[in-house]
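Trainee: Here is a sequence together with a model predicted from it:
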Amino acid sequence: LITNPLDKAGLKITDIDKYSVEMQNPDITKPAGAGNVPESNYKMIGALGVKRKDIEKKDLLNFVKDHGMNGWAPTQGHIPSGVPYLGFAMEDLTEGSLNKAMIVGKGSLFLGRMTNLFDGVSVILERNPGKQEEESTVSQEAVKNMIAEAMRGFASHMLDGQE
């Protein structure tokens with residue numbers, strides 16, 4: 001869910017500004033014994049980055065802090081996947097400082113265990129830089145040459161008409 005989309009896009013793990021994983025609220029999951037689910041996922045993504053040599057092992061906790069976020073979603077069904085961040089991602093990519101975000105949508109572990117099938121999808125979102133006009137600069141020398149060529153053509157046309 002993480003490295004395949006990045007590989008297809010030619011990106012490193014550190015090229016994604018924010019990852020939105022299972023955004024379960026740790027205030028609910030810690031007392032229930034499941035720990036801080038988003039933080040565990042960010043550590044796993046960081047470990048993949050270390051394995052792929054995108055980051056140094058000593059930078060793992062900084063990666064979690066810089067590329068992750070705290071969980072806030074309820075813990076039922078597919079809701080705690082990365083999807084709750086989608087609206088915030090739009091704002092971060094248009095008005096904020098982010099250029100790329102990855103939404104990681106994981107399916108149901110229960111259904112996966114029951115069926116031995118995996119369901120999940122990741123989507124990379126990018127800032128739209130908008131329409132960018134190309135600057136075409138023409139040197140003074142080129143302008144002089146164009147004017148001279150036009151004048152020669154005009155003079156030649158005038159001389160042809162006098163004969």
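Mentor: It's in. Numbers count the residues shown, from 1 in each chain.

Trainee: count of neighbours near Gly130?
Mentor: Applying other CB atoms under 10 Å, we find 6 residues neighbouring Gly130. Bear in mind the C-beta positions are built from the backbone N, C-alpha and C, glycine included.

Trainee: so it, which of the three states?
Mentor: coil (DSSP: H, G, I helix; E, B strand; the rest coil).

Trainee: same thing with Val64?
Mentor: Put simply, Val64 is helix when judged by three-state DSSP.

Trainee: what's the answer for the one 5 residues further on, then?
Mentor: In the three-state summary, Met69 is assigned as coil, counting by three-state DSSP.

Trainee: now swap in Leu125 and tell me
Mentor: strand.

Trainee: which residue sits closest to it, ignoring its sequence neighbours?
Mentor: Nearest non-adjacent residue to Leu125, counting by CB to CB, 6 or more residues apart in numbering: Ala101, 4.8 Å away.

Trainee: What's the local residue count around the one you found?
Mentor: Ala101: 25 neighbours (other CB under 10 Å).

Trainee: so what secondary structure elements neighbour the host helix or strand of it?
Mentor: Assigned by DSSP states H and E, Ala101 belongs to strand 100-106. Contacts defined by 3 or more CB pairs under 8 Å, 6 or more residues apart in numbering; DSSP states H and E place strand 100-106 against strand 18-20, helix 86-94, strand 120-126.

Trainee: TSV for those, including distance to Lys106, mean pLDDT and mean neighbour count?
Mentor: Output for the helices and strands packed on strand 100-106, formatted as TSV (distance: least, CB to CB, whole Å; pLDDT from 0 to 100; neighbours: other CB atoms under 10 Å):
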stretch	distance to Lys106	mean pLDDT	mean neighbour count
strand 18-20	11	96	25
helix 86-94	15	94	15
strand 120-126	5	90	16
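
Trainee: out of the ones you listed, which comes closest to Phe63?
Mentor: Across those, Phe63 has its closest neighbour in strand 18-20 (9.8 Å, CB to CB).

Trainee: tell me the mean pLDDT for the helix or strand following that closest one?
Mentor: Next along the chain after strand 18-20, taking DSSP H and E as the criterion, comes helix 26-29. Across helix 26-29, the average pLDDT comes to 91.

Trainee: Quick check: what element follows helix 26-29 along the chain?
Mentor: helix 37-51.

Trainee: All good on my end, thank you.
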